[in-house]
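K.L.:
Return a 3D structure for these sequence lines:
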Amino acid sequence: MDAHPHDDAPAAAPTAGAGGPASPSEEFLELLHDVLRSVRREASTVLGHDITPGQLRLLRTLDRCDRPRRLGELADVLDVAPRSITSKVDQAEEDGWVRRVPDPADRRATLVELTDAGREQLARLSDRRQEGARARLDVLAPQEQAQLLALLRRVAHRP
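P.N.:
From the prediction side, this is the model:
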């Protein structure tokens, strides 16, 4: 008899370090982390370039900006240390995803903007992540998908 993904029994809950069952909050965090990590890893593997979550956040942030931004502004928005943003921008610039441009208002300052290649990479990665998320949701029946999304909206405090 062929097994259907919807008929699979739930996996056993992970156990806490002391041998007892994990709390619901621990299991929730572990499961979210596992799903997101696998979707990111799969998308990066398919694209042939390993992009870190921090690099992805940088590209997304720049994509949402109405103009190029200073490193300090990016560090504030991303809530990272200035030297951390410098290394992220250095790597993204090396990859061709961003470029540094002079600040027209202050010749001493440099701005960072997303390149066309960065926008294309972001779009490709987004498409791949969507495919990965769809594949994970496909193990659920449509009613289960709707229920999962409704529950996650409640947990995330979204209408």
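
K.L.:
other SSEs contacting the biggest helix by length in the chain?
P.N.:
Selection of the longest helix in the chain by residue count, based on DSSP state H, yields helix 24-47. Under the contact criterion of 3 or more C-beta pairs under 8 Å, 6 or more residues apart in numbering; DSSP states H and E, the helices and strands touching helix 24-47 comprise helix 116-137. All C-beta atoms are positioned from the backbone trio N, CA, C, and that covers glycine.

K.L.:
Does anything pack onto the helix it packs on? Which helices or strands?
P.N.:
With contacts taken as 3+ C-beta pairs under 8 Å, 6+ apart, helix 116-137 sits against helix 24-47, helix 53-64.

K.L.:
let's see it at 10 Å
P.N.:
Using 3 or more C-beta pairs under 10 Å, 6 or more residues apart in numbering; DSSP states H and E, the elements in contact with helix 116-137 are helix 24-47, helix 53-64, helix 82-94, strand 98-103, helix 142-155.

K.L.:
and the residue most central in space within the chain, what is it in contact with?
P.N.:
In the chain, the C-alpha nearest the mean C-alpha coordinate belongs to residue 53, at 5.4 Å (C-alpha atoms, centre = their mean). By C-beta atoms under 10 Å, 6 or more residues apart in numbering, the contact list for residue 53 reads 36, 37, 40.

K.L.:
Of those, grab the buried ones for PyMOL.
P.N.:
The following PyMOL selection, which keeps only the buried ones among those, applies the criterion 16 or more other C-beta atoms under 10 Å:
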select buried, resi 40
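
K.L.:
Phi first, then psi, for residue 156.
P.N.:
phi -80, psi 0 (degrees, to the nearest 10).

K.L.:
Run a quick neighbour tally on it.
P.N.:
For residue 156, the neighbour count with other C-beta atoms under 10 Å is 7.

K.L.:
for it, what are its contacts?
P.N.:
Residues near residue 156 by C-beta under 10 Å, 6+ apart: none.

K.L.:
hmm, back to that, which among the helices and strands packed on helix 116-137 is found nearest to residue 135?
P.N.:
Using C-beta to C-beta as the measure, helix 24-47 is the one of the helices and strands packed on helix 116-137 that comes nearest residue 135, at 8.4 Å.
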